[in-house]
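Trainee: sequence unknown, structure follows:
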């Protein structure tokens, strides 16, 4: 399954929908799914994962890799396409939130209009397998 995050800009700040992915409507992010960030207007941005925590209230820890839950991340002008690793949790009781930053063409993290957890990170999030109700 492909999950899309639409990224727009409010002035110079990033606005992502949904944030976190997936939307709380019950969608599930599964092993080998793809996540596509689409940028409007088109830009060449990159994504780097920085933190992970158990939901609903685990302590944030650094990710072991900037790929976070992904086995690959392919940036291009107007979009980034990532593939979710085969070993991510599939049990809702083991849900994790992976926090990421979007970087500009020079590798500088962008500021967010709607950060996923404003007190923790000025960035986005992906909940795997899904956002708890």
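Mentor: Nice, thanks for sending it over. Bear in mind the structure is a predicted one, so any value in this text is a computation, not a measurement.

Trainee: Show the residue spans covered by the strands in the chain.
Mentor: Chain-ordered strands for the chain, with DSSP state E as the definition, fall at 2-10, 13-17, 34-39, 46-54, 61-62, 70-76, 79-84, 96-103, 124-128.

Trainee: other SSEs contacting the last one?
Mentor: When contacts are defined as 3 or more C-beta pairs under 8 Å, 6 or more residues apart in numbering; DSSP states H and E, strand 124-128 sits against strand 96-103. Any C-beta I mention is one placed from the backbone N, CA and C, and that applies to glycine too.

Trainee: The strand it packs on: which residues count as buried?
Mentor: Buried residues in strand 96-103, counting neighbours by 16 or more other C-beta atoms under 10 Å, are found at 96, 97, 98, 99, 100, 101, 102.

Trainee: Name the nearest residue to residue 67, ignoring sequence neighbours.
Mentor: Leaving aside its sequence neighbours, residue 67 sits nearest to residue 73 (C-beta to C-beta, 6 or more residues apart in numbering; 6.0 Å).

Trainee: The one you found contacts residue 79, doesn't it?
Mentor: No: with contact defined as C-beta atoms under 8 Å, residue 73 does not count as touching residue 79 (11.3 Å).

Trainee: Next one: residue 132 relative to residue 98, how far apart?
Mentor: In this structure, residue 132 and residue 98 are 15 Å apart, going by C-beta to C-beta, to the nearest Å.

Trainee: cool, residue 37 as well?
Mentor: Between residue 37 and residue 98 the distance is 14 Å, computed by C-beta to C-beta.

Trainee: Below-threshold pLDDT in the protein: ranges please.
Mentor: Low-confidence segments of the chain, defined by pLDDT under 70, are located at 24-26, 133.
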